[in-house]
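>>> Just the structure for this:
(chains A, B, C and D)
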Number of protein chains: 2
Amino acid sequence: MKPKSFAGMRCSIAGALELIGDRWALLVIRDLSLGLRRYDDLRASTAIPAATLAARLKHLTESGIVERVRYQERPPRDEYHHLTPKGRDLWKVSVALREWGDRWDASGFGAPAIEMVDRETGRPPGADARRC
Amino acid sequence: MKPKSFAGMRCSIAGALELIGDRWALLVIRDLSLGLRRYDDLRASTAIPAATLAARLKHLTESGIVERVRYQERPPRDEYHHLTPKGRDLWKVSVALREWGDRWDASGFGAPAIEMVDRETGRPPGADARRC
DNA sequence: CGGTATCCCTTTGGATACTG
DNA sequence: CAGTATCCAAAGGGATACCG
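This is a model prediction of the structure:
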């Protein structure tokens, strides 16, 4: 079912969707903008299948939204992903989605609450819920 | 490949993506917000396969984003689709996508130009390009 | 850690045709 | 006009395993 390309549609919305890819990609972008960098962290956060995550990261890299970076030279250490300026510029899309989702309770868990978190643990005292 | 549900993620972004569905759905929403109503018009505008359009409209209806309406009682005449308030409220997402697409030339055809159009024909004099 | 490889099954895309 | 039906091929997803 080779995904039909939206290229050639003379439409910025279609073009944007084409560059982004799919819904997984938007979750990945969300997580990268929240500070996640590692492959396995992204996997854990999104529950995305390994092969699919690799494919999405590749597509996003080709779209200029994500960059791969070597983060340690000696010993040569792996790579991680982060957003390019073009990718960071997608924040308004994430915000629009989140706000709409909050207004209409898209998650079914209500709108997010503002929480105090411990600077040490980064977690609210006694809470295990997690929100994005 | 039953699309994994994003429900249960406690995330408004994931929830929003779940309710919307996929990239086709966003094109449909774009067109509905531009005033298209008829099945065949949506088909022509998006080049979406018939069965897929039907499936997306169904999903969007179940998500409360789209409504089906009988637009003529006698003779009983068909139905058309339009956005609910919840659907209309997605405009910010469309705007954010379009603006990002324009900034980074996602369509590859440059940002849209402002055009004069003839009130009769609705078309610019001598132009056949179409933008969204 | 950051992926690839493999297997299997479902859905989508694409084309075409048909119906109320 | 607004879909449904059918057929095919290919991609996605899901799980699991393996590798440098």
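
>>> Which parts of chain A are helices?
A:12-20, A:23-33, A:39-46, A:50-62, A:85-88, A:91-103 (DSSP state H).

>>> ok and the second one relative to helix A:91-103, angle-wise?
Per axes from the mean of the first three to the mean of the last three CA atoms, to 10 degrees, the angle that helix A:23-33 makes with helix A:91-103 is 110 degrees.

>>> what does the first one give?
Using the same axes, to 10 degrees, the interaxial angle of helix A:12-20 with respect to helix A:91-103 works out to 100 degrees.

>>> Helix A:12-20 close to DNA strand D?
No. Helix A:12-20 does not reach DNA strand D (CB under 7 Å from any atom of the strand); its nearest approach is 12.4 Å. For glycine as for every other residue, the C-beta is placed from the backbone atoms N, C-alpha and C.

>>> From the contact counts, what lies against that helix?
Contacts defined by 3 or more CB pairs under 8 Å, 6 or more residues apart in numbering or on different chains; DSSP states H and E place helix A:12-20 against helix B:23-33, helix B:91-103.

>>> Please apply the same query to the fourth one.
Judged by 3+ CB pairs under 8 Å, 6+ apart, helix A:50-62 is in contact with helix A:23-33, helix A:39-46, strand A:66-69.

>>> Could you export those as CSV, including distance to DNA strand C and mean neighbour count?
Listed next are these as CSV, based on distance: least, CB to the nearest atom of the strand, whole Å; neighbours: other CB atoms under 10 Å in any protein chain shown:
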stretch, distance to DNA strand C, mean neighbour count
helix A:23-33, 11, 23
helix A:39-46, 4, 16
strand A:66-69, 6, 16
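
>>> Out of these, the one nearest chain B is which?
Ranking these by proximity to chain B (CB to the nearest CB) places helix A:23-33 first, at 4.3 Å.

>>> What are the contacting residues of the closest one?
Residues outside helix A:23-33 that contact it (CB atoms under 8 Å, 6 or more residues apart in numbering or on different chains): A:20, A:41-42, A:45-46, A:48, A:52-53, A:56-57, A:59-60, A:65-66, A:81-83, A:87-88, A:90-91, A:93-94, A:97, A:132, B:6, B:11, B:13-14, B:17-18, B:22.

>>> ok so, going back, looking at the helices of chain A, which is closest to B:Asp118?
Smallest distance to B:Asp118 across these (CB to CB): 24.1 Å, for helix A:12-20.

>>> So, low pLDDT: which residues of chain A?
The model of chain A has pLDDT under 70 over residues A:1-4, A:73-78, A:114-116, A:123-132.

>>> One more pass at 80, please.
Low-confidence segments of chain A, defined by pLDDT under 80, span residues A:1-4, A:71-78, A:111-132.

>>> Nearest approach to B:Ala113 belongs to which of the helices and strands packed on helix A:50-62?
Taking the helices and strands packed on helix A:50-62 one by one with CB to CB, helix A:23-33 is closest: 28.8 Å.
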